[in-house]
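Colleague: Coordinates for the following, if possible.
(one chain, ligands or ions: 1)
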Amino acid sequence: MITYLDHFVRKTDSNSKDDDVSTLCKALDLQGSIDSGATDVASKDFGGMNYIKPLAFIRPASTDDVAKVVRVVARTSNLTVAARGNGHSINGQAMADRGLIIDMRSLENHFHLIRINGLPYADVSGGALWEDLLKWSVSKFGLAPRSWTDYLSLTVGGTLSNAGVSGQAFRYGPQTSNVTELEVVTGKGETLICSEFENSELFFGALGGLGQFGIITRASVLLQPAPDMVRWIRLVYTEFEDFTRDAEFLVSIKESDSFDYVEGFAFINSDSPMTGRPSVPLDPNQDFDPIHLPPTASSILYCLELALHYRNTDHPSTVDTGVNRLLAGLGFVKLLKFEVDVSYEEFLLRVKRAEEHAKANGIWDAPHPWLNLFVSKLDIIDFDRMVFKKILKEGVGGPMLVYPLLRSKWDNRTSVMLPEGEIFYLVALLRFTRKEPSAEKLVAQNQEIIQYCIKKGIDFKLYLPHYRSQEDWKRHFGNQWSRFVERKARFDPMAILAPGQKIFSRIP
Ligand code: FAD
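Modeller: Sure thing, here's the model as predicted:
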């Protein structure tokens, strides 16, 4: 078999590739299939800035198939293998140069309700999309996961390999804090069940582990009763200090006194539809009238985005009273408040609507030089002064998210790296490009931001990190680098997994 694979690697440019692929398929003896025609799909990702061709695109039918592929790759001298969730990475993280790509979405979409210590969990496959989990759990049981991402066409295994954050994370932590058990195929091809109590190094390693220690084939995701409706609110601020004070207040007060979702974003004080004032109202009937802005308003404004869950049986006046009580004392521009009532699912699927719009405009498939950072509360005012107000004063062609999270809701045994201190901010520069400025210029602007942060000693970590040298990765992991390296040696000793992260080189 290994001799055969080495032969296969040598012959990839030859005309007999299709014959080779079908022989490979037979040799691997998979229940699933190997798709030689689809390597083009696996050569691209949402970032649209890398094109790296794999040797083959494998559609596994089961965890056994995943384990077979990994075992075979581990026994070759140079092949690598990457799980591909929904390919929504930015910088080729789910790619493998002349390696094998495992299409996690091909795994049977299995959803089961289980109970652990009396609590409801969804037992789901690693390749399931969060939006499918939402539809299944709400429609069948009136239950839903607690912690989300803003956009749900992402896979369970893909977000758990990073963190998975949205406006619920201040209360429940990221998605990695809301799973109790994983099934993982390690880089040695072993299939292990892991949790806080069983194979715990693998469990915590895989959570936020950038695909380095194993392929998550199944996860148990904590559920809770789903609300029926959501009051969705946007409040405009002219001063960053007022915005951060209120945002930090709302994420720090006790659960029964706060909103169920807290996010925020910076936007341009202009009439640009994508990045300016028109991007704030929640309904086409609402209008952002700049006359309500004080004369001191600068070219960058801020918006606090909040949501309160409620049930159909709640009386409208009860919801109004609850919202008004929570808003009293906040320092937003009083005439610039926008609110709508939407169903819970409509709220969670809100970015899907933006996706449809962007697809119609042709900007969904254009390059996305996105940059995501976690920035310490101690440095966020400096960051605003230099980054939002100067470097990004023209905007990024899309949302510039900025909202606080609480470190105590994250488990420091996972592989995710965070700044110091209890409160830190997620900053997401979700760039949507047309032809100009070019993606290269925007990548250079991202670098300028990172270099500024390093030069000024700003306490930050990249989220969905992307580095090209091991020196940079060492700096990213800081005093956790040795733990990361030890976990790698233990669970993927030949460094065959997720080569697109560019952390380790394949050991021959
Ligand atoms: P992929 O991009 O396919 O894979 C990501 C990495 O994980 C790769 O290294 C891959 O090899 C590895 N991997 C994939 N599946 C597995 C698995 N089962 N086991 C082990 N390793 C695996 N993130 C947030 O936290 N919050 C958001 O609100 C948010 N919104 C987003 C909106 C959009 C439009 C996009 C494009 C991305 C967003 N993300 C968000 C980022 C998202 O979490 C990452 O892209 C993540 O990688 C999930 O995408 P994916 O499932 O397509 O994984």
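Colleague: can you tell me how far the closest residue to Phe111 other than its chain neighbours sits from the ligand?
Modeller: Leaving aside its chain neighbours, Phe111 sits nearest to Trp136 (4.7 Å; criterion: C-beta to C-beta, 6 or more residues apart in numbering). Bear in mind the C-beta positions are built from the backbone N, C-alpha and C, glycine included. Relative to the ligand, Trp136 is positioned 17 Å away (criterion: C-beta to the nearest ligand atom, to the nearest Å).
Colleague: Pull the number of nearby residues for Trp136.
Modeller: 19 (other C-beta atoms under 10 Å).
Colleague: for the helix or strand containing it, which positions count as buried?
Modeller: Element membership for Trp136, per DSSP states H and E: helix 130-141. Counting neighbours by 16 or more other C-beta atoms under 10 Å, one finds that the buried residues in helix 130-141 are Trp130, Glu131, Asp132, Leu133, Leu134, Lys135, Trp136, Ser137, Val138.
Colleague: Let me have those residues in CSV, adding pLDDT and distance to Asp379 as columns.
Modeller: Converted to CSV, the buried residues of helix 130-141 look like this (pLDDT from 0 to 100; distance: C-beta to C-beta, whole Å):
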residue, pLDDT, distance to Asp379
Trp130, 98, 31
Glu131, 97, 35
Asp132, 97, 39
Leu133, 98, 36
Leu134, 98, 35
Lys135, 97, 40
Trp136, 97, 41
Ser137, 98, 38
Val138, 98, 39
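Colleague: Tell me where the stretch 101-250 of the chain has strands.
Modeller: 111-116, 119-125, 143-145, 179-186, 191-195, 214-225, 229-237 (DSSP state E, counting those that start in this stretch).
Colleague: what does the chain have sitting close to the ligand?
Modeller: Residues of the chain found near the ligand, taking C-beta under 6 Å from any ligand atom as the criterion, are 46, 82-89, 93-94, 104, 126, 149-151, 154-155, 157-159, 161-166, 210-211, 215-216, 464, 498, 500-501.
Colleague: I figured the residue nearest to Phe111 hits His112, correct?
Modeller: No - contact status for Trp136 versus His112: not in contact, 9.8 Å apart, counting by C-beta atoms under 8 Å.
Colleague: which residues do these two both contact?
Modeller: Common contacts of Trp136 and His112 (C-beta atoms under 8 Å, 6 or more residues apart in numbering): Ala122.
Colleague: wait, what's in contact with the nearest residue to Ser161 once chain neighbours are set aside?
Modeller: Nearest residue to Ser161, sequence neighbours excluded (C-beta to C-beta, 6+ apart): Gly211, at 5.0 Å. By C-beta under 8 Å, 6+ apart, the residues touching Gly211 are Ala82, Ala83, Gln93, Ala94, Ser161, Leu497, Ala498, Gln501.
Colleague: redo that, cut-off 10 Å
Modeller: When contacts are counted by C-beta atoms under 10 Å, 6 or more residues apart in numbering, Gly211 touches 81-85, 89, 93-94, 157-158, 161-162, 187, 492, 497-501, 503.
Colleague: residues touching the residue nearest to Phe111, list them.
Modeller: Each residue near Trp136 by C-beta under 10 Å, 6+ apart is listed here: Asn109, Phe111, His112, Leu113, Ala122, Val124, Ala128, Leu143, Ala144.
Colleague: Out of these, which one has the weakest pLDDT?
Modeller: Among the contacts of Trp136, Asn109 has the lowest pLDDT, at 79.
Colleague: In what element of secondary structure is the residue nearest to Glu241 when sequence neighbours are not counted found?
Modeller: If you skip the residues right next to it in sequence, Glu241 has Ile381 as its closest partner in space, 6.8 Å away by C-beta to C-beta, 6+ apart. Secondary structure assigned from DSSP H and E places Ile381 in helix 380-383.
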